[in-house]
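**Q** Fold the following, please.
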Amino acid sequence: MPAEVDLKTSKKKNKKQKKEKVKKTPKQKFFTFLKVILVIILIIGLIAGVIAILNFTSVKANQKFVDDMIEPVKYEEQLEPTLDDNGRYTFTCDREFKVLQITDVHIGGGVLSSDNDNMALNAVAAMITAEKPDLVVVTGDVAYPVPYSSLSFNNKMSAKLFANMMEKLGVYWCLAFGNHDTEIYSYYDRKAISSMYQNKEAYPHCLLQSGPDDVDGEGNYVINVKNSDGAITQSLFVFDSHSYTDGDYFGIKWKYDCIHEKQVEWYKNTVAELTKENGGTQPKSLAFFHIPPQEMRDAFEEYTKAGNKDTENVKYKYGKIAEGGQIICCSNYNYGIFDAFAANGTQGVFFGHDHLNNMSLNYKGVQLTYGMSIDYLAYSGINKFGLQRGCTPITIYTDGTFDNMQENYYQDKYVSVKEKEPVDLENEMSDVTGGVSNPLAED
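**A** Numbers count the residues shown, from 1 in each chain. Next up, the predicted model:
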């Protein structure tokens, strides 16, 4: 019996001694912790590397589509802009001048968005090829570097892919930045993306300019259209409407920004300079930016309160407000840009931002127009909608007046660049809607 007790006691002592032996010193604990952290970093790095390779491969595939399938637009007479003495791009012609507004392309630039990116590129190329505009103005959100949609933070990849396509088309183009082009978590800011677009060796057809350093935003500039006598028939103003306000850095509270006071003053001063340059005659003008002004909401509310009928202030032209609850996502701030437009010869304002809205209303003498969007990615299920997708051709007449219309992408006039054959409208729309209710369908 005593021997058994001694054996048990001995085993307990041995266990206790083993526990005491494996007890780590603070230094050992630190190095163990460091090893765990390094392993985690290596795993994260490996995952990031795999994602980067997948994203690069998907973008490369879409670049191959651009290289192999996109062909230069065949113009009978393509106008070429020149830089005037004030550093502004100027087109000279004695015929109608055609602008094509494209908005909210939303290229993700990642493996998750690859197919949708390809459809977006194809749609833009097909419409530009058919319309043959003198100038394309993109009113924001070329890129959509949102990780849950694309698995990418690299907004430059998206911007470069789009710019490469535009250069392959050989069309002159410019753009206004949108809120998604440079998110707070994106790799590149507005100045970096703007600098890329302005690389004349790579993109000689891009007419974007950074604008004055003392004016808020990136990309406040004007492009003029003149006749052969040197008179300005139309000035095309482009503005940065910025992104978010009041600490809503990620845009999840929909607190959107607008055109700032310094930009309003720049606009007024530029109109005065152009008037002087134009022999004392104030030129007519159009404006392009991303986030709609408050006055679009004011005009729509007045129109609906009147039972969807014209009023003294509001005249309906076309389209619908089809965002859920008939929402117009504009800023809560207003620094007077619309009043400045009305007082300084701006006849029409074109914007995007709300992908299902495509209404055009004349408010107090200024035409306010949502461009038809491209987006196949940002809104849930929007790749299955078709009636809101398209472009906005704008015709500027020789007397400076203009007209705008909306063109849906799914029609016979647009030949698919990808398929190289006419679109079967009935079947194509059936494929696009895919049984999902289209918010822009007729009631």
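**Q** Local confidence estimate at the residue nearest the centre of the chain?
**A** With distances taken as CA atoms, centre = their mean, Asp141 lies nearest the centre of the chain, 1.1 Å away. Per-residue pLDDT puts Asp141 at 97.
**Q** ok, and it, which helix or strand is that part of?
**A** Asp141 is part of no helix or strand, with elements assigned from DSSP states H and E.
**Q** what's the spacing between it and Gly45?
**A** Taking CB to CB, to the nearest Å as the measure, Asp141 falls 31 Å from Gly45. For glycine as for every other residue, the C-beta is placed from the backbone atoms N, C-alpha and C.
**Q** just Lys64 next, same as before
**A** From Lys64 across to Gly45, the span is 28 Å (CB to CB).
**Q** Please apply the same query to Asp339.
**A** The spacing between Asp339 and Gly45, counted by CB to CB, is 54 Å.
**Q** Comparing those two, which residue is more hemmed in?
**A** Asp339 (14 against 10; other CB atoms under 10 Å).
**Q** from what I can see Val415 touches Ala130, true?
**A** Yes. Counting by CB atoms under 8 Å, Val415 touches Ala130, with 6.7 Å between them.
**Q** higher neighbour count, the two?
**A** The neighbour comparison of Val415 against Ala130 (other CB under 10 Å) goes to Ala130, with 18 against 14.
**Q** before we move on, which element is that one in?
**A** Element membership for Ala130, per DSSP H and E: helix 114-131.
**Q** Residues in a beta bridge with Gln234, which ones?
**A** Val225 (DSSP bridges).
**Q** list the contacts for it?
**A** Neighbouring residues of Gln234 by CB atoms under 8 Å, 6 or more residues apart in numbering: 97, 224-225, 283-286, 396, 400, 402.
**Q** Which of the helices and strands in the protein ranks last by mean pLDDT?
**A** The helix or strand of the chain with the poorest confidence is helix 425-433; it has a mean of 44 (mean pLDDT, DSSP states H and E).
**Q** Flag the shaky bits of the stretch 51-200 of the chain, pLDDT-wise.
**A** Counting by pLDDT under 70, the stretch 51-200 of the chain shows low-confidence ranges at 51.
**Q** Which parts of it are helices?
**A** Using DSSP state H, counting those that start in this stretch, the helices assigned to the stretch 51-200 of the chain run over residues 114-131, 147-150, 155-169, 190-197.
**Q** The shortest one: which residues count as buried?
**A** Judged by neighbour count using 16 or more other CB atoms under 10 Å, the buried positions of helix 147-150 are 149-150.
**Q** next one: that helix to chain centre, how far?
**A** Chain-centre distance of helix 147-150: 16 Å, with CA atoms, centre = their mean, to the nearest Å.
**Q** What is the distance between the host helix or strand of Ile44 and the centre of its chain?
**A** Using DSSP H and E, Ile44 falls within helix 26-69. Counting by CA atoms, centre = their mean, helix 26-69 is centred 28 Å from the centre of its parent chain.
**Q** can you give me the angle it makes with helix 114-131?
**A** Counting by axes from the mean of the first three to the mean of the last three CA atoms, to 10 degrees, helix 26-69 lies at 30 degrees to helix 114-131.
**Q** helices or strands up against helix 26-69?
**A** helix 114-131, helix 155-169 (3 or more CB pairs under 8 Å, 6 or more residues apart in numbering; DSSP states H and E).
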